[in-house]
Structures are given as structure tokens and as C-alpha cells.
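> give me a model of this one.
(one chain, ligands or ions: 2)
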Amino acid sequence: MSVVLAKGAEAMLFLEQWYGIRVVRKHRIPKSYRVESLDKRLRHERTIREARTINVAKRAGVPTPIIYSVNLETATIIMEYIEANRLMEHLETLSSSKQQKVFKQIGKSVALLHHTHICHGDLTTSNMLLHTSGKVYFIDFGLATTTHSIEDYGTDIHLLRRALNSTHHTSWRECFNAFKDGYQNEYGRGASRIFRQVEAIESRGRYITERIR
Ligand SMILES: Nc1ncnc2c1ncn2[C@@H]1O[C@H](COP(=O)(O)OP(=O)(O)O)[C@@H](O)[C@H]1O
Ligand SMILES: [Mg+2]
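Ligands and ions are numbered 1, 2, ... in the order given. Okay, here's the model as predicted:
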């Protein structure tokens, strides 16, 4: 049994049976528009980065799928199937207090990532899965980086805020405030510097937009 779960820009994802358990196989497909050697290197790098970071994040206390197997030759990861809804589609169906609970938890997880010096690189609600237990799982770590720079942490948060603002406009502000709360509680001292950085990134963006107009 193998069914296509998702087909992204970079990868095909299949839901499969693997030694008697349900798993997700994420296969990074070759891109014919890239020079072959570069394409192979990129798929190789992102596969190893994703598998490694998912494990490091899990150890830091962030819910992520278990990695069962990695094949660098075929750029494939076999991981735990998380039976959950993508937050992207599910967020609007939640009550406002539930939404805030979820985002507080997301804030805590992102703070744990940043404390471990991981920048996710693509923090959107389509890379978060909301389990019926209320736990939010983080996925899609192919663009993650290891960094000590608060500019990078700020960029991660800025991207999440932008994604929230554009896809969930009715509730984004409350969600972001709850996120900030959860982040600050977990990160402790130093969090305010990171949020000042988010503001700085934001105002640079506004400045550029105004200059283009
Ligand atoms: N471990 C998993 N369990 C359940 N669903 C998953 C899992 N990994 C990915 N998915 C589903 O597949 C989609 C695409 O996966 P993702 O890793 O984000 O790849 P892409 O790089 O194409 O965005 C996700 O939005 C989610 O719906
Ligand atoms: Mg994704």
C-alpha cells in the first residue's frame, strides 16, 4: 500500500506500510532544470539536514516525527506518520481560546528550537500538524540552519508572523500575541532582544515597500 500524501515543490510524500507500521516516505525528487551534480548535492544536503534537525529538535522537547530510516542515495526519509490535521486548514475551525492555547505552545516550541540554535527556516501553519491530543508537531526541516544569530531567530519569527497575517487574517493578532507569550516564557532573558529584532526586520521591509511604490 502506498498513497500519495502530498506533492510539494521539492518532494513527494507517500503514506506507506513499513515493517507493519504506517510511515511517511519523503522523497526529494530530481529537478531537471538544475545541473545534475548540484541537484544531487542539494537533495543530499537537505535530506541529511532535515533528518538530523528533526532528531535534535525532538531531543530539545519539540514534538517531531520519529525518524526511522534515511537513504541519502535516493534522498529519502522514512518517518513516523503523524495522524493529525495541518494547522493551516484547521486553525479557523478552533475557538479563539483554543487557537491561543495552540499558539502559546508553538511559541514555546520555537523558543526551544532557538535555544538549541536551530532556525526552522520555513515556519508556516502548513508545516505544523495539530494532533487530537492538542500537541502541535513540527515538520519540514529541510531549510533549517544552525545559528547563534538573533537576526536569524528574528527572521524565523517574522516569517511566521507574515504567514499568519496573510493566511489567517481574522485571528492573526491574537495568535501572534499568544505565540509571543509562549516564546517569552520559555526563552526567558534575551527574548525581548529577539522581538526588537523582529520589529527592526519588519520596519526594514516597510521601508523597502514604500521606496518601491
Ligand atoms: N510525518 C508526517 N505525518 C503526517 N503528515 C505529514 C508528515 N510529513 C509531512 N506530512 C504532510 O505532507 C505535507 C508536505 O510535507 P513537508 O515535509 O512539509 O514537505 P514540503 O517540503 O513539500 O512542504 C505536509 O504539509 C503534511 O500535510
Ligand atoms: Mg512543507
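> all strands of this structure, in order?
2-7, 11-18, 21-28, 67-71, 76-80, 84-86, 118-119, 128-131, 136-138, 145-146 (DSSP state E).
> so which of those strands is the most surrounded?
Mean neighbour count (mean count of other CB atoms under 10 Å) peaks for strand 118-119 among the strands of the chain, with a mean of 24. In this view, the C-beta of every residue, glycine as well, is placed from N, C-alpha and C.
> contacts for that one next, please.
53, 56-57, 60, 113, 144-147, 152-153, 155-156 (CB atoms under 8 Å, 6 or more residues apart in numbering).
> just the buried members of those?
Neighbour counting with 16 or more other CB atoms under 10 Å marks 53, 56-57, 60, 113, 144, 147, 152-153, 155-156 as buried within those.
> and the pLDDT for Asp156?
As predicted, Asp156 sits at a pLDDT of 97.
> would you confirm that it contacts Ala111?
No. Counting by CB atoms under 8 Å, Asp156 stays clear of Ala111, with 10.7 Å between them.
> now do the shared contacts for these two.
Shared contacts of Asp156 and Ala111 (CB under 8 Å, 6+ apart): none.
> picking up where we left off before, in TSV: the contacts of strand 118-119, plus distance to Leu87.
Shown next, in TSV, are the contacts of strand 118-119 (distance: CB to CB, whole Å):
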residue	distance to Leu87
Thr53	19
Val56	22
Ala57	17
Ala60	20
Leu113	16
Ala144	18
Thr145	23
Thr146	25
Thr147	25
Asp152	23
Tyr153	21
Thr155	20
Asp156	16
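> what's the closest of these to Val35?
Closest to Val35 out of the contacts of strand 118-119 is Thr145 (23.4 Å), distances taken as CB to CB.
> now the closest one. Nearest residue, chain neighbours left out?
Cys119 (4.8 Å; CB to CB, 6 or more residues apart in numbering).
> how close does the one you found get to ligand 1?
In this view, Cys119 and ligand 1 are 16 Å apart by CB to the nearest ligand atom, to the nearest Å.
> repeat that for Asn85.
Relative to ligand 1, Asn85 is positioned 9 Å away (CB to the nearest ligand atom).
> show the contacting residues for that residue.
Counting by CB under 8 Å, 6+ apart, Asn85 touches 129-130.
> now with 6 Å, please.
Asn85 sits next to Leu130 when contact means CB atoms under 6 Å, 6 or more residues apart in numbering.
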